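# got a sequence here, can you model it:
(chains A and B)
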Amino acid sequence: AQSVTQLGSHVSVSEGALVLLRCNYSSSVPPYLFWYVQYPNQGLQLLLKYTTGATLVKGINGFEAEFKKSETSFHLTKPSAHMSDAAEYFCAVSYNTNAGKSTFGDGTTLTVKP
Amino acid sequence: EPEVTQTPSHQVTQMGQEVILRCVPISNHLYFYWYRQILGQKVEFLVSFYNNEISEKSEIFDDQFSVERPDGSNFTLKIRSTKLEDSAMYFCASRRTGAGDTQYFGPGTRLTVL
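Below is the predicted model:
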């Protein structure tokens, strides 16, 4: 069964510091990988995705993620945190089967300190 | 930009009552999904729908749940006899093609069962 693990349910950084949110997946077939952001009482907004091709993908709001097959990882980074980045972040995986449902990780709450 | 819409934004119901949550997916999309998120928890897959039939459903999606696409635009989730534990945010999502395509989420319906 496909699964996603997000290490660290809470991450706190200072404004201007590097943001690193970790995501690992388990899979025996090539995955499609996604990062979503959720602000309080709102829906899910896609930050970026990896399907095929270049393993370093850039998304909105200055975020990027690198697919590392050997490590089964898709960690999310941003060089310099902004106060507006404070939110819940979800990593998700889907596969080219079963109409492509997404399986989500438990989420990581990012806090940005002034 | 096209978006997925959901109504109502908040539904309060008594235990044992039937509720219908409504979604209007993006018009040229072919795959439709319902997910739920219990407060403070991760997003969980409920059901996927393609070509006018359920393509996959999770263990959560028991006989109390049903989905329908009654016309060319709406996609509904019905819960026949609500339980307290059905209280959650329900998200509708759609995508145009298969698993690697971007899945667009609606803003969600918050269901509160009293």
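
# from here on, contacts and neighbour counts on C-alpha atoms
Fine.

# residue B:56: neighbour count?
Per other Cα atoms under 10 Å in any protein chain shown, the neighbour tally for residue B:56 reads 18.

# and it, backbone torsions?
phi -160, psi 150 (degrees, to the nearest 10).

# likewise residue A:68?
phi -120, psi 100.

# how close does the closest residue to residue A:36 other than its chain neighbours sit to residue A:91?
Excluding the flanking residues, the one nearest residue A:36 by Cα to Cα, 6 or more residues apart in numbering or on different chains is residue A:46, at 4.5 Å. From residue A:46 over to residue A:91 the distance is 10 Å, taken as Cα to Cα, to the nearest Å.

# more neighbours: those two, which one.
residue A:91 (30 against 19).

# okay, and the common contacts of residue A:46 and residue A:91?
Shared contacts of residue A:46 and residue A:91 (Cα atoms under 8 Å, 6 or more residues apart in numbering or on different chains): A:34-36.

# now the strands for chain A?
Applying DSSP state E to chain A gives strands spanning A:3-5, A:10-14, A:19-21, A:24-26, A:32-38, A:44-50, A:56-58, A:64-68, A:73-78, A:87-94, A:103-104, A:108-113.

# give the other helices and strands that the shortest one contacts.
Helices and strands touching strand A:103-104, by 3 or more Cα pairs under 8 Å, 6 or more residues apart in numbering or on different chains; DSSP states H and E, are strand A:3-5, strand A:87-94, strand B:43-50.

# what about 7 Å?
Contact here means 3 or more Cα pairs under 7 Å, 6 or more residues apart in numbering or on different chains; DSSP states H and E; on that basis strand A:103-104 packs against strand A:87-94, strand B:43-50.

# highest mean neighbour count out of the ones you listed?
strand A:87-94 (a mean of 25; mean count of other Cα atoms under 10 Å in any protein chain shown).

# that strand: how far from the chain's middle?
Remark: strand A:87-94 is offset 5 Å from the chain centroid, using Cα atoms, centre = their mean, to the nearest Å.

# next, the angle strand A:108-113 makes with that strand.
150 degrees (axes from the mean of the first three to the mean of the last three Cα atoms, to 10 degrees).

# and strand A:87-94, does that touch chain B?
Yes: contact of strand A:87-94 with chain B (Cα under 7 Å from any Cα of the partner chain) involves residue A:94.

# so what does that strand touch, helix or strand wise?
So strand A:87-94, by 3+ Cα pairs under 7 Å, 6+ apart, packs with strand A:32-38, strand A:103-104, strand A:108-113.

# coming back round to it: so for residue B:35, which of the strands of chain A sits nearest?
strand A:103-104 (10.0 Å; Cα to Cα).

# on that earlier part again, the helices and strands packed on strand A:87-94 into CSV, with extra columns for distance to residue A:81?
Converted to CSV, those look like this (distance: least, Cα to Cα, whole Å):
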stretch, distance to residue A:81
strand A:32-38, 14
strand A:103-104, 24
strand A:108-113, 7
